[in-house]
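Trainee: Here is my input, please return the structure:
(chains A and B)
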Amino acid sequence: MDEAELTPRLAAYIAGRMPEARDVAVSDMNRITGGASRQTWRFTCAWTDGEGRRRSRGFILRRDPADSLIDTERRVEFEAYRAFHGSAVPVPEMLWLEEGDEALGSPFFVAEEIAGFQAGTGALFAPPYVDTLPELGRRKWTILGEIAKADPARIGLADVLPAVAPDACWSRELDHWEGVLDSDETEPLPIIRAAIRWLRANPPPPAQKVGVVHGDYRTGNFLYDAAGGIHGILDWEMCHLGDPLEDLGWSFNPVWSFGQGKPGGLLPREAAIAAWEAASGLRAEPQALKWWELFACVKGQAIWVSSARAWMDGANRDPILVYPAWALINAQDRAALKVMGRL
Amino acid sequence: MKPSAPQVLADLAGLSMRNAAPDVAPAARAGQLGLAALLLGLAAEMWDGAADILVRENAALRALLADGAALSEDGARRRWLSELSAGGDGGLRISDLEAANAELKVALIALHAELERRSDEAARDLEARVWDELARSTERRKLSGSPC
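Mentor: Residues are numbered from 1 along each chain as shown, chains lettered A, B, ... in the order given. You can find the predicted model right below:
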């Protein structure tokens, strides 16, 4: 369904959700490229309110594609955003969730647009943003510490996300992503299979706490400004309960270093850990963190091969699915070798 | 190179044709053609070296499997490794080389796992050579814009 088809159906849907509004109109609908797990559009909605005033607001539509890079329930993503809205973790406000296909042909949600900030990494390593990378890095890992510190029950996520015992966090995640590799692998992966054998032979200690794990916390998944500020943490579709070190390990995945030689391309490793520990009140024990860093390589590879599989099977021929398969599989192998001290 | 370059290039040709139509929204056209350009650049970089990389890698894997065949403590595995190490690539098409490569890597994974379980010096030495070859294979395949 393209913009021309979506626009009137979306306007009709919003009109149904805002019964006090009249003359609801959707315009300027633009697909935001780059999303491989959800299709994302930015659009403007205008309406006349109950007092006769004409109003407009920028919204975001996140809609499920035919086959995505990451298979998750959109309710998980929606509830994760809702749980953190108004907290020390900046996120956009969620407005409506639709889990059926009737309105727009597939499930979707609508959120407020946080406008005026950068999200992509293309601009990050050039002026004016390059001058404030250390501050941006400190904010990035401080916010991640805030996510780790959150009590899932108090913010309502314990009712939404499956529970896990502290000593089972690692095995649940490894079982899941090894299963994805088993089903979607397009060619044998000797480095990642060796990494999985090492992970199973050297399990980490039980999690210090079972917390909220964002699941894809990396440079490129937040809105930032030129002063080193962060205004929205995005892409919560892989959010789950687990060991908070999982997010820290994922954020250190070398494929997210953008050739800068430091985590996220932003901050020396020690400074990132210090910011996370200070905000979370948890400790990043080096051996446990190493386990989660290597796990991040396995998870990353599973996601990249899944994108190749979805494209090759014809379930989704969006060319965005080819990019990780071509550009990241070998890089992820190299990252695993580095974590294992083999490169 | 999965998905295969011919399939991807064919899809990109179709995408370019669709975006040549005058009624495509500028933002959508920019996004799609930008991504297409990125993929074309990757294909161009991988194209020239693809066969050379696979031929060299398959030869290196056969050498490891031959040594593994002499060392393995599992009779069936010894025969499997021996057969594979004596084989050839069956052609110089990328698809033929990749099929042979996949078969060799399945065997390498089994050999590697056996070597890890053993503590004798010969197994340790061969395991170190397996790791060296795995590292070299990522060097051969490394792209200019690789993040690591």
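Trainee: hey, let's count contacts and neighbours off CA atoms from now on
Mentor: Noted.
Trainee: Now do the contacts for the residue nearest the centre of chain A.
Mentor: Nearest to the geometric centre of chain A sits residue A:235, at 3.2 Å (CA atoms, centre = their mean). Residue A:235 makes contact with A:77, A:216, A:221, according to CA atoms under 8 Å, 6 or more residues apart in numbering or on different chains.
Trainee: near chain B, which residues of the stretch 51-200 of chain A?
Mentor: Residues of the stretch 51-200 of chain A that fall close to chain B, judged by CA under 8 Å from any CA of the partner chain: A:186, A:187, A:188, A:189, A:190, A:191, A:193, A:194.
Trainee: For those, give me JSON lines that also has secondary structure and pLDDT.
Mentor: Supplementary listing: those in JSON lines, determined by DSSP: H, G, I helix; E, B strand; the rest coil; pLDDT from 0 to 100:
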{"residue": "A:186", "secondary structure": "coil", "pLDDT": "94"}
{"residue": "A:187", "secondary structure": "coil", "pLDDT": "96"}
{"residue": "A:188", "secondary structure": "coil", "pLDDT": "98"}
{"residue": "A:189", "secondary structure": "coil", "pLDDT": "98"}
{"residue": "A:190", "secondary structure": "helix", "pLDDT": "98"}
{"residue": "A:191", "secondary structure": "helix", "pLDDT": "98"}
{"residue": "A:193", "secondary structure": "helix", "pLDDT": "98"}
{"residue": "A:194", "secondary structure": "helix", "pLDDT": "98"}
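Trainee: Can you tell me the number of residues neighbouring residue 117?
Mentor: Reading this off chain A. When neighbours are counted by other CA atoms under 10 Å in any protein chain shown, residue A:117 registers 15.
Trainee: Not quite, go with chain B.
Mentor: 10.
Trainee: Please report how far it lies from residue B:124.
Mentor: 10 Å (CA to CA, to the nearest Å).
Trainee: any residues touching stretch A:141-154, and which ones?
Mentor: A:88-89, A:158-159, A:211-214, A:217, A:241, A:244, A:247-248, A:272-273, A:275-282.
Trainee: Is stretch A:284-297 in proximity to chain B?
Mentor: No: using CA under 8 Å from any CA, stretch A:284-297 stays clear of chain B, coming no nearer than 12.2 Å.
Trainee: Contact partners for the closest residue to residue A:340 other than its chain neighbours?
Mentor: Distance criterion CA to CA, 6 or more residues apart in numbering or on different chains; nearest residue to residue A:340, sequence neighbours excluded, is residue A:294 at 7.4 Å. Residue A:294 makes contact with A:195, A:199, A:249, A:336, A:339, A:340 under the criterion CA under 8 Å, 6+ apart.
Trainee: And the strands in the stretch 151-300 of chain A?
Mentor: A:211-213, A:222-224, A:230-233, A:240-242 (DSSP state E, counting those that start in this stretch).
Trainee: mind checking how far the host helix or strand of residue B:126 is from the chain centre?
Mentor: Here residue B:126, judged by DSSP states H and E, is contained in helix B:121-141. Computed by CA atoms, centre = their mean, to the nearest Å, the chain-centroid distance of helix B:121-141 equals 15 Å.
Trainee: could you give the mean pLDDT of that helix?
Mentor: For helix B:121-141, mean pLDDT is 98.
Trainee: likewise stretch A:75-86?
Mentor: Across stretch A:75-86, the average pLDDT comes to 95.
Trainee: likewise stretch A:286-296?
Mentor: Rounded mean pLDDT across stretch A:286-296 is 98.
Trainee: Keeping just the C-alphas, turn that stretch into PDB.
Mentor: Extracted C-alpha coordinates of stretch A:286-296, given in PDB (Å, rounded to 0.1, in the frame of the first residue of the first chain):
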ATOM      1  CA  PRO A 286      34.300  -7.600  32.700                       C
ATOM      2  CA  GLN A 287      33.800 -11.400  32.100                       C
ATOM      3  CA  ALA A 288      30.000 -11.100  32.100                       C
ATOM      4  CA  LEU A 289      30.200  -8.100  29.800                       C
ATOM      5  CA  LYS A 290      32.500 -10.100  27.400                       C
ATOM      6  CA  TRP A 291      29.900 -12.800  27.300                       C
ATOM      7  CA  TRP A 292      27.200 -10.400  26.300                       C
ATOM      8  CA  GLU A 293      29.400  -8.700  23.700                       C
ATOM      9  CA  LEU A 294      30.100 -12.000  22.000                       C
ATOM     10  CA  PHE A 295      26.400 -12.800  22.300                       C
ATOM     11  CA  ALA A 296      25.700  -9.500  20.500                       C
END
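Trainee: If we go by neighbour counts, what in it is buried?
Mentor: A:288, A:289, A:290, A:291, A:292, A:293, A:294, A:295, A:296 (16 or more other CA atoms under 10 Å in any protein chain shown).
Trainee: which residues sit in contact with the closest residue to the first one other than its chain neighbours?
Mentor: Of all residues not flanking residue A:288 in the chain, residue A:204 sits nearest, at 5.1 Å (CA to CA, 6+ apart). The neighbours of residue A:204, taking CA under 8 Å, 6+ apart as the test, are A:170, A:287, A:288, A:291.
Trainee: Show me those that map onto helices.
Mentor: Judged by DSSP state H, helices contain the following of the contacts of residue A:204: A:170, A:287, A:288, A:291.
Trainee: so what's the second one closest to, chain neighbours aside?
Mentor: Put plainly, it is residue A:287. Of all residues beyond its chain neighbours, the one nearest residue A:287 is residue A:204 (7.4 Å), with distances taken as CA to CA, 6+ apart.
Trainee: OK, contacts around the closest residue to residue A:264 other than its chain neighbours?
Mentor: Leaving aside its sequence neighbours, residue A:264 sits nearest to residue A:257 (CA to CA, 6+ apart; 4.5 Å). Contacts for residue A:257 were tallied using CA under 8 Å, 6+ apart; they are A:263, A:264, A:265, A:266, B:147, B:148.
Trainee: how about a cut-off of 6 Å?
Mentor: Residue A:257 makes contact with A:263, A:264, A:265 under the criterion CA atoms under 6 Å, 6 or more residues apart in numbering or on different chains.
Trainee: Report the separation between the first one and residue A:134.
Mentor: Spelled out, it's residue A:263. On the measure of CA to CA, residue A:263 and residue A:134 end up 11 Å apart.
Trainee: per-residue pLDDT, residue A:323?
Mentor: 93.
Trainee: other SSEs contacting whichever strand or helix holds it?
Mentor: When elements are assigned from DSSP H and E, residue A:323 belongs to helix A:322-339. Contact analysis of helix A:322-339 by 3 or more CA pairs under 6 Å, 6 or more residues apart in numbering or on different chains; DSSP states H and E lists helix A:286-312 as its packing neighbours.
Trainee: so what's the residue in chain B that chain A sits nearest to up against?
Mentor: Nearest residue of chain B to chain A (CA to the nearest CA) works out as residue B:147 at 4.9 Å. Residue B:147 makes contact with A:255, A:258, A:259 under the criterion CA under 6 Å, 6+ apart.
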